[in-house]
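Novice: 3D, please:
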Amino acid sequence: MDPMEPLDAAMMTAELLSDPLHAAALLILSPPPEAGPGYVDELYQHALTDTAELDPRFRRHPHAGIDTAGLWVWRTDEGVEMREHLQRRTLPAGAGREALWQLISELHTEPLDRSRPMWMAYVIDGLPGGRFAFYIKVHHTVIDGVAGLKMITDALSTDPQDRSMPPIYAAPPHRPAAHPGAARGAIPNPLALMRAALGGVGSGLGLIRQVALGEASMVLASLAGTAVLPLGAPYTRFNGRLGRERTVAGATWPKARIRAIEKAAGVTGNDVLTTVVAGVLREWLAAHGELPDRSLVAICPVTVRSREHVSDEDRHGNLFGLQLCPLGTDMADPAERLAYVHRVMSRAKDQVASRGSNATMLMLALSIAPTVLLPALPFAPRLRRGYNVSLSNVPGPQAEMYWNGAHLEEIYPVSIAIDGQALNATMCSYADRVTFGYVSGRKVMPDIGSLIPLTERAIVELETAVAGRRDFATN
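Specialist: Numbers count the residues shown, from 1 in each chain. Reported below is the predicted structural model:
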């Protein structure tokens, strides 16, 4: 038996009533110098017949039934048909980035099939200059953002001369085989199921003290303005129904600009990125006549994944805590907003570190439940919610990377948006640049592409606010 961890099981159950919970990454690559006109064709055909061993996480699918006493477990597929998981797409002649983002929006809309390993990958050609893209989406229970980006990084090389490299979804040679108890059709030991259930109860009792202390701390912090009480966020269009169709946009900026603001203001890079998104949301809502008087609130994953838990042998899908972070969108001064976000994020990290991820998750129950469940009602009331948007920052490769000689030019996170939190913004660092990826529903943000120029504007405003001049990024 390979039981799911409680957070993963909760997400799997929640997906039955809500929207798909897969996250993705989009890689844009340029072919190696020696590549011929049939390079992408050869690449795709080789990937279909590659005999490299799949990562164990990419060979298993979820299952819950009578044989598991209703508990969610993983079952491993001995054989995986690659044509069901790897497909080819070609953009129309003369297509640019707008057409690429439209295609990614369509691919991201489709849910993953639970009856087989929950991932899909696409090779996309037709970009200007012979560039091509690789889009891979994976269910969030299979792997979280931090581990997912590490998996991609591990599959790449800093050497442009490396060839015969396995696919991104392949297991490195030193990774152990899938857990033998997860084989398809294996009947779990009832005693093991009972031990798992009793162990969960015991762990839950141990959380009571941490949750009680955390709730008291939250009340005190709310009085100081650095925390938000349950249902303390204003209602916005992001708290309504997402709709079936997704819409995606992204762009890249030099990391030096973010670091310069970070250094000048004495804050962290994550503080700067969070404040940039806050500025984007303030301007977009104001332009639509919908800016609330109260600050928007983001739900932010705060990783508790230690160095030893990012190894290839790590079998944990998700290791993070969650916190509610007011964004200061009610503040007109970008510098004041940055200082406020710095205080809020510092407290959030302290809470997760001191209380633990499970305790912080339970503390947010009163905020999360109404936010994601109310939109399921036929006539959802427009009441205050726990938060408005989902916001995260994941580290990517720190050096220029290559895959079989193809240069990785850009990497974009394409994350999760669901009813009640219909906008997700995820940032990802790569070498000397940082990317912003925005995901929403087409009926919620039909003009999601407008967030890209607003992101540039928000960065410039911060540069001006902390340095007093617009040429700040050149120093």
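
Novice: Please, where are all the strands along the stretch 301-450 of the chain?
Specialist: Secondary structure of the stretch 301-450 of the chain (DSSP state E, counting those that start in this stretch): strands located at 320-326, 389-395, 402-403, 406-414, 423-430, 433-441.

Novice: Give me the residues contacting stretch 121-129.
Specialist: Contacts to stretch 121-129, defined as C-beta atoms under 8 Å, 6 or more residues apart in numbering, come from residues 28, 30, 40, 43-44, 47, 85-93, 95-96, 100, 103, 107, 132-137, 168-169. Backbone N, C-alpha and C define where each C-beta goes, glycine included.

Novice: which regions of the stretch 351-475 of the chain sit below the pLDDT cut-off?
Specialist: Scanning the stretch 351-475 of the chain for pLDDT under 70 picks out 351-381, 383-384, 468-475.

Novice: do that again at 90, thanks
Specialist: 351-386, 394-396, 416, 418-421, 467-475 (pLDDT under 90).

Novice: picking that back up, can you tell me which of the strands of the stretch 301-450 of the chain comes nearest to Thr268?
Specialist: strand 389-395 (9.7 Å; C-beta to C-beta).

Novice: strand partners of that closest one, parallel vs antiparallel please.
Specialist: With DSSP bridges as the test, strand 389-395 is paired with strand 297-303 (parallel), strand 423-430 (parallel).

Novice: Let's test this: mean pLDDT of stretch 58-74, rounded?
Specialist: For stretch 58-74, mean pLDDT is 89.

Novice: Mind jotting down where the helices sit in the stretch 151-300 of the chain?
Specialist: In the stretch 151-300 of the chain, helices defined by DSSP state H, counting those that start in this stretch lie at 190-224, 255-265, 269-287, listed in chain order.

Novice: Specify the local secondary structure of Arg57.
Specialist: Look at Arg57: counting by DSSP: H, G, I helix; E, B strand; the rest coil, its state is helix.

Novice: Can you list the buried residues in stretch 22-38?
Specialist: 22-32, 35 (16 or more other C-beta atoms under 10 Å).

Novice: for stretch 82-91, same thing?
Specialist: For stretch 82-91, burial by neighbour count (16+ other C-beta under 10 Å) applies to 85-87, 89, 91.

Novice: what does stretch 52-65 give?
Specialist: Applying 16+ other C-beta under 10 Å to stretch 52-65 flags 54-63 as buried.

Novice: ok now that stretch, how far from the chain's centre?
Specialist: Put simply, stretch 52-65 sits 20 Å off its chain's centre (C-alpha atoms, centre = their mean, to the nearest Å).

Novice: Make 39 the first number, not 1, from now on.
Specialist: That works, and once the first residue is 39, the last one we named lands at stretch 90-103.

Novice: one step back: the helices of the stretch 189-338 of the chain: lowest mean pLDDT?
Specialist: Taking the mean pLDDT of those, helix 228-262 comes last: a mean of 39.

Novice: Nearest to Ile337 among the buried residues of stretch 120-129?
Specialist: Taking these together and measuring to Ile337 by C-beta to C-beta, the closest member is His123, at 30.4 Å.

Novice: Thr147 versus the closest residue to the closest one other than its chain neighbours, what's the distance?
Specialist: In space, and not counting its chain neighbours, His123 is closest to Met158: 5.7 Å by C-beta to C-beta, 6 or more residues apart in numbering. Per C-beta to C-beta, to the nearest Å, Met158 is found 12 Å from Thr147.

Novice: quick one, which of those two is more surrounded?
Specialist: Met158 (21 against 17; other C-beta atoms under 10 Å).

Novice: Tell me which strands the helix or strand the more buried one falls within pairs with, and in which orientation.
Specialist: Remark: Met158 resides in strand 157-163, with elements defined by DSSP states H and E. Partners of strand 157-163 in the sheet, by DSSP bridges, are strand 124-128 (parallel), strand 170-177 (antiparallel).

Novice: Out of those, which is closest to Met42?
Specialist: strand 170-177 (11.3 Å).

Novice: how far off strand 444-452 does the closest one point, in degrees?
Specialist: Calculated by axes from the mean of the first three to the mean of the last three C-alpha atoms, to 10 degrees, strand 170-177 forms an angle of 40 degrees with strand 444-452.

Novice: which stretches of the stretch 39-188 of the chain form helices?
Specialist: 44-53, 77-87, 135-147, 183-193.

Novice: and of those, who's closest to Leu319?
Specialist: helix 135-147 (19.5 Å).

Novice: Next, the buried residues of the closest one.
Specialist: For helix 135-147, by 16+ other C-beta under 10 Å, it's 138-139, 141-143, 145-147.

Novice: could those go into CSV alongside distance to Ala287 and pLDDT?
Specialist: Formatted as CSV, the buried residues of helix 135-147 follow (distance: C-beta to C-beta, whole Å; pLDDT from 0 to 100):
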residue, distance to Ala287, pLDDT
Leu138, 10, 96
Trp139, 6, 96
Leu141, 13, 97
Ile142, 9, 97
Ser143, 9, 97
Leu145, 14, 97
His146, 12, 96
Thr147, 15, 95
